[in-house]
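Engineer: Task: produce atomic coordinates for the following.
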Amino acid sequence: MGLRLRLVLLLLVPMILVVAGYAYLRVTEEREQRRVEFDRRVEVTTRAIRLAVERDLRSGTRADIEQLASDLVLRQTEILRVRLLDQQLATSVDANLLTEDPGVPIERLREARDSGQSAVVERRAAGLRLHSVLLPIRSSGKDEGVLEVTYVASRLEADLLRENHQSGLSAAVLVILLGLVVWFALERLVLRPVVDLTQALERVSAGDVRATVPVRSRDELGQVAMAFNRMTARLEEARQRVETETDRSLELMRRLRLTESLAVAGKLSSSIAHEVGTPLNIIAGRAELVLRMLPADSPLRQDLGVITSQIDRISRMIRASLDPFHPREPEPADTELRSVTDGIRPLLQHFARSRGVKLAATVSADLPPVFVDPGHLQQVLINLLTNAIEATPAGGQVEVTAAQRTQDEHPGVAVAVRDTGSGIPEQILPRIFDPFFSTKPSHVGTGLGLSICRDLVKSNGSDIQVASKPGEGTVFTVWLPAARPDRGKEQS
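Structural biologist: Model (predicted):
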């Protein structure tokens, strides 16, 4: 049995019982009132007939009594028979509309005569219910006989039956109306919200945590619906947080594996550089030995000089390429900026040429020296130039410029790395220095380069800033503090 039927029965059955009880009491009360009213009417009418008969017996003739009886039977709709019996219970006057009625049994007539008390006899004749009243008659102080007045009680039965039908019909209509009202109220106020809540629960159990319940009222069920909606909203927020954290954890794991791979690559590169450096040192030593053995005017001295200089260049390039894999505390010193940029250009020239990008450097030799760790500065510039070359399409240009600039009342030099790429979108510009954040494909970069650059710059007491407009390229500016003439004295 469903909830709808149970609720309807739970509410309708008591109401039906109440309505039925009320209808029964109403019918019983109505029957009693009609019965009392009938009895009172019969009593009054019968007493009046007896008084008239006794008067006629005292002063009139039997013809007056017969006329009275005939008039009563013909004119009174409820009276069917008026019969006067003498002391021997023989009929002296009988006005009767119901010829099939034999009258009250002689035993009941004799009891009324002998007792001198009135009596009522209920009986049926010719399919009718009859109500006969027996009254002893006295005239001039002596008993004259018994007066029988018979009334038809079928009308009373018909009235009572009609009252029963009306009461039953009224009760049935009331029950139907109450049933409809209860059904509508249950359907709108209880069952529909319950069905909505059940459907939403089924959707949530199926995995749809965004399911909501319509709030149809502000009662308790409405509050349950609002609480359910708040719960699903929190579930959706929790699900999104879990998905975000899961994606972030997976990304961090991927970045960590990539970083470990880079660390292994760095160790391998260091080992290879060591293996390469040993034969280079041997070659350089032998070249210097041969150079000392040659006469001063030997034409071979120039060729040997070229060999030793190229070996030194290869050694510097290997050391420069390995610096990013050896993090260390900064060791700032007075550094000529141009010497650093001139050492970087050969390292990146081939990479820029392979991508069709022009690499230019405009760094004046008149710039004052800066106080910075030259290895850290070289690593920062290599990283910035590499990113700029990768972001610049073929035919574009990457340029390094430098100029004096005072920052926070401290003199220094600002080195700018400018490219002609597509620029950085405004919405991600504040995040480019975050660790592991990268706009490059996952197999290209780790997202650590700019974060390392920022940390290296900050550790040297310097500052790095970025400016970019979509379609106009990007400019990274590194401010470096100028070397002070008295710094060497302070350190000594």
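
Engineer: What count of nearby residues applies to residue 108?
Structural biologist: Residue 108: 18 surrounding residues under other C-beta atoms under 10 Å. C-beta coordinates here come from the backbone N, C-alpha and C atoms, glycine included.

Engineer: Would you agree it is in contact with residue 120?
Structural biologist: No - Residue 108 is not in contact with residue 120 according to C-beta atoms under 8 Å; the separation is 9.7 Å.

Engineer: anything in contact with each of these two?
Structural biologist: residue 134 (C-beta atoms under 8 Å, 6 or more residues apart in numbering).

Engineer: got the contact list for residue 69?
Structural biologist: Neighbouring residues of residue 69 by C-beta under 8 Å, 6+ apart: 82, 83, 84, 93, 94, 95.

Engineer: can you do 7 Å?
Structural biologist: 82, 93, 95 (C-beta atoms under 7 Å, 6 or more residues apart in numbering).

Engineer: Kindly report the same for residue 73.
Structural biologist: 79, 80, 81, 82, 95, 97.

Engineer: What separation do you get for residue 64 and residue 81?
Structural biologist: Distance of residue 64 to residue 81, given as C-beta to C-beta, to the nearest Å: 18 Å.

Engineer: before we move on, which element is residue 214 in?
Structural biologist: Under the criterion DSSP states H and E, no helix or strand holds residue 214.

Engineer: where exactly do the strands run in the stretch 351-492 of the chain?
Structural biologist: For the stretch 351-492 of the chain, the strands defined by DSSP state E, counting those that start in this stretch cover 358-362, 370-372, 397-404, 412-419, 463-469, 473-481.

Engineer: Can you check which of those gets nearest to residue 334?
Structural biologist: strand 370-372 (6.0 Å; C-beta to C-beta).

Engineer: From the contact counts, what lies against that closest one?
Structural biologist: strand 333-335, strand 473-481 (3 or more C-beta pairs under 7 Å, 6 or more residues apart in numbering; DSSP states H and E).

Engineer: related to what we said a few turns ago, got a winner among the contacts of residue 73 for most neighbours?
Structural biologist: Highest neighbour count within these: residue 82, with 26 neighbours (other C-beta under 10 Å).

Engineer: Next, that residue: secondary structure please.
Structural biologist: strand (DSSP: H, G, I helix; E, B strand; the rest coil).

Engineer: That one and residue 145: what is the separation?
Structural biologist: Going from residue 82 to residue 145 by C-beta to C-beta gives 13 Å.

Engineer: picking up where we left off before, quick one, which of the strands of the stretch 351-492 of the chain is nearest to residue 201?
Structural biologist: Nearest to residue 201, of the strands of the stretch 351-492 of the chain and by C-beta to C-beta, is strand 463-469 at 50.9 Å.

Engineer: Under the pLDDT cut-off, which ranges of the stretch 51-200 of the chain? List them.
Structural biologist: Within the stretch 51-200 of the chain, the stretches with pLDDT under 70 are 60, 140-141, 154-164, 167.

Engineer: Now do the strands in it.
Structural biologist: Using DSSP E, counting those that start in this stretch, strands in the stretch 51-200 of the chain cover 79-85, 91-96, 119-125, 128-139, 142-152.

Engineer: out of the ones you listed, nearest to residue 213?
Structural biologist: Distance to residue 213, taken as C-beta to C-beta, is lowest for strand 128-139 among the strands of the stretch 51-200 of the chain, at 65.3 Å.

Engineer: That closest one pairs with which strands?
Structural biologist: In the sheet, strand 128-139 lines up against strand 119-125 (antiparallel), strand 142-152 (antiparallel) (DSSP bridges).

Engineer: Would you mind finding the most buried of these?
Structural biologist: For the strands paired with strand 128-139, the largest average neighbour count (mean count of other C-beta atoms under 10 Å) is found in strand 142-152, namely a mean of 21.

Engineer: could you give the angle of it to strand 79-85?
Structural biologist: With axes from the mean of the first three to the mean of the last three C-alpha atoms, to 10 degrees defining the directions, strand 142-152 sits at 160 degrees from strand 79-85.

Engineer: Now do strand 142-152 and strand 91-96, the angle between them.
Structural biologist: 20 degrees.

Engineer: Show residues contacting strand 142-152.
Structural biologist: With C-beta under 7 Å, 6+ apart, strand 142-152 has contacts from 42, 46, 49-50, 53, 57, 78-87, 89, 103-104, 109, 112-113, 128, 130-138.

Engineer: Any of those buried? List them.
Structural biologist: 42, 46, 49-50, 53, 57, 79-85, 103-104, 109, 112-113, 128, 130-137 (16 or more other C-beta atoms under 10 Å).

Engineer: which strand residues sit across from the residue nearest to residue 54 when sequence neighbours are not counted in the sheet?
Structural biologist: In space, and not counting its chain neighbours, residue 54 is closest to residue 139: 5.3 Å by C-beta to C-beta, 6 or more residues apart in numbering. When bridges are called by DSSP bridges, residue 139 pairs up with residue 142.

Engineer: which ones are touching residue 139?
Structural biologist: 54, 57, 58.

Engineer: Give the closest residue to the last one in space, chain neighbours not counted.
Structural biologist: Once flanking residues are discounted, residue 58 sits nearest to residue 139: 5.2 Å by C-beta to C-beta, 6+ apart.

Engineer: just to revisit the earlier point, looking at the contacts of residue 139, which is nearest residue 342?
Structural biologist: Among the contacts of residue 139, residue 54 lies closest to residue 342 (C-beta to C-beta), at 158.9 Å.

Engineer: Correct me if wrong: the closest one contacts residue 135.
Structural biologist: No - using C-beta atoms under 7 Å, residue 54 is not in contact with residue 135; the gap is 9.7 Å.

Engineer: what angle separates the helix or strand hosting residue 34 from strand 142-152?
Structural biologist: Using DSSP H and E, residue 34 sits in helix 3-59. Counting by the same axes, to 10 degrees, helix 3-59 lies at 150 degrees to strand 142-152.

Engineer: In JSON lines: the contacts of residue 69, plus distance to residue 246.
Structural biologist: Listed next are the contacts of residue 69 as JSON lines, based on distance: C-beta to C-beta, whole Å:
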{"residue": "82", "distance to residue 246": "108"}
{"residue": "93", "distance to residue 246": "115"}
{"residue": "95", "distance to residue 246": "110"}
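
Engineer: Pick the one among the residues you listed closest to residue 426.
Structural biologist: residue 82 (119.0 Å).

Engineer: For that closest one, name its beta-bridge partners.
Structural biologist: When assigned by DSSP bridges, residue 82 has beta-bridge partners residue 95, residue 149.

Engineer: Identify the residues contacting it.
Structural biologist: Residue 82 makes contact with 49, 69, 72, 73, 95, 149 under the criterion C-beta under 7 Å, 6+ apart.

Engineer: residue closest to the middle of the protein?
Structural biologist: For the chain, the residue sitting closest to the mean C-alpha position, by C-alpha atoms, centre = their mean, is residue 229 at 3.0 Å.

Engineer: Find the nearest non-adjacent residue to it, please.
Structural biologist: Per C-beta to C-beta, 6+ apart, closest to residue 229 is residue 212, 4.9 Å.

Engineer: Which secondary structure state is assigned to that neighbour?
Structural biologist: Residue 212 - assigned by three-state DSSP - is coil.

Engineer: State the number of residues packed around it.
Structural biologist: Using other C-beta under 10 Å, residue 212 has 15 neighbouring residues.

Engineer: Surely residue 432 is in contact with residue 453?
Structural biologist: No - in this structure, residue 432 is not within contact of residue 453 by C-beta under 7 Å, at 10.3 Å.
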